[in-house]
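A.B. asks: Have a look at this prediction, sequence included:
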Amino acid sequence: MTPGEVVASFWQAMATNDFFKAGEWLADDFECFWPQSNELIAGRENFAQINTNYPAAGQW
């Protein structure tokens, strides 16, 4: 799989709001920093949980 295909697969999963599926494309030691709230999201499971529970309407 090419890097472009990996990125496309990640965003396809994000477009369906399947954050656990999207998380499968992230590295085991994934970290995401949200500067607006000064939050650090560490790990695939936490990425999926925070996005699943984020109070937003609609798809990405």
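C.D. replies: That came through fine.

A.B. asks: Helix or strand: which one has Ile41?
C.D. replies: strand 39-42 (DSSP states H and E).

A.B. asks: now the helix or strand hosting Thr52: mean pLDDT?
C.D. replies: Using DSSP H and E, Thr52 sits within helix 44-53. For helix 44-53, mean pLDDT is 94.

A.B. asks: Tell me the buried residues in it?
C.D. replies: Arg44, Asn46, Phe47, Ala48, Asn51 (16 or more other CB atoms under 10 Å). C-beta coordinates here come from the backbone N, C-alpha and C atoms, glycine included.

A.B. asks: now do stretch 7-19
C.D. replies: Buried residues in stretch 7-19 (16+ other CB under 10 Å): Phe10, Ala13, Met14, Phe19.

A.B. asks: List the contacts of the residue lying closest to Gln49 once chain neighbours are set aside.
C.D. replies: Closest residue in space to Gln49, ignoring its immediate chain neighbours: Phe19 at 7.9 Å, by CB to CB, 6 or more residues apart in numbering. By CB atoms under 8 Å, 6 or more residues apart in numbering, Phe19 lies in contact with Ala13, Phe47, Ala48, Gln49, Asn51, Thr52.

A.B. asks: quick one, what contacts Glu45?
C.D. replies: Taking CB under 8 Å, 6+ apart, we find Glu45 in contact with Gly23.

A.B. asks: Enumerate every residue touching the nearest residue to Leu26 once chain neighbours are set aside.
C.D. replies: Leaving aside its sequence neighbours, Leu26 sits nearest to Arg44 (CB to CB, 6+ apart; 5.1 Å). Residues in contact with Arg44 (CB under 8 Å, 6+ apart) are Gly23, Glu24, Leu26, Asp28, Phe30.

A.B. asks: so can I have JSON lines of those showing secondary structure and pLDDT?
C.D. replies: What follows is the contacts of Arg44, written out as JSON lines (DSSP: H, G, I helix; E, B strand; the rest coil; pLDDT from 0 to 100):
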{"residue": "Gly23", "secondary structure": "helix", "pLDDT": "96"}
{"residue": "Glu24", "secondary structure": "coil", "pLDDT": "96"}
{"residue": "Leu26", "secondary structure": "coil", "pLDDT": "96"}
{"residue": "Asp28", "secondary structure": "coil", "pLDDT": "91"}
{"residue": "Phe30", "secondary structure": "coil", "pLDDT": "97"}
